[in-house]
Structure formats: C-alpha cells, structure tokens
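1. only geometry, no sequence info:
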C-alpha cells in the first residue's frame, strides 16, 4: 500500500513536467521561426488575427458589445 501512496505523491510532479515539456516544445518552434526577419512579420500578423478572432467570438458568445 505504501507503493500506491508513493505513486500518488509523485503524480503532481509528473503532471507539472508534462505540461512544461508541452509548452517548451511548442514555443521552441515559434522562437526558431522568429529568428528570421521575414517570418517575424508573418507570425506577428497571424497572432494578432488569432487574438482578434478569439476576442470577437467570446464577445458574441457572452453578449458583450
């Protein structure tokens, strides 16, 4: 039974490392693309469009004008 509780105690550390690993892997490719001058503008425009679309969708869903 102590093995079980040891595994349960290790789970938050495992979950944290998986989440951090996901974000590091995802953002590493974006940072590599940002090193090139011409791709920096394209990625900036894509991020701005993405944020504005999400904002418009949330405003319509929540009824905010």
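-> Good, I have the coordinates. Since this is a predicted model, take the numbers as computed values, not measurements. Numbering: from 1, shown residues only.
2. right, and the helix or strand after the longest helix along the chain?
-> Criterion DSSP state H: the longest helix present in the chain is helix 2-34. Counting by DSSP states H and E, the element after helix 2-34 in chain order, helix or strand, is helix 37-62.
3. other SSEs contacting that following helix?
-> With contacts defined as 3 or more Cβ pairs under 8 Å, 6 or more residues apart in numbering; DSSP states H and E, the packing partners of helix 37-62 are helix 2-34. Any C-beta I mention is one placed from the backbone N, CA and C, and that applies to glycine too.
4. now the angle between helix 37-62 and the helix it packs on, please.
-> Interaxial angle, helix 2-34 versus helix 37-62 (axes from the mean of the first three to the mean of the last three Cα atoms, to 10 degrees): 120 degrees.
5. quick check: the residue nearest to the spatial centre of the chain vs residue 33, distance?
-> The residue lying closest to the centre of the chain (Cα atoms, centre = their mean) is residue 23, at 5.6 Å. For residue 23, the distance to residue 33 under the criterion Cβ to Cβ, to the nearest Å works out to 16 Å.
6. for residue 60, same thing?
-> Residue 60 is 31 Å from residue 33, by Cβ to Cβ.
7. over to residue 26?
-> To residue 33, residue 26 is 12 Å away according to Cβ to Cβ.
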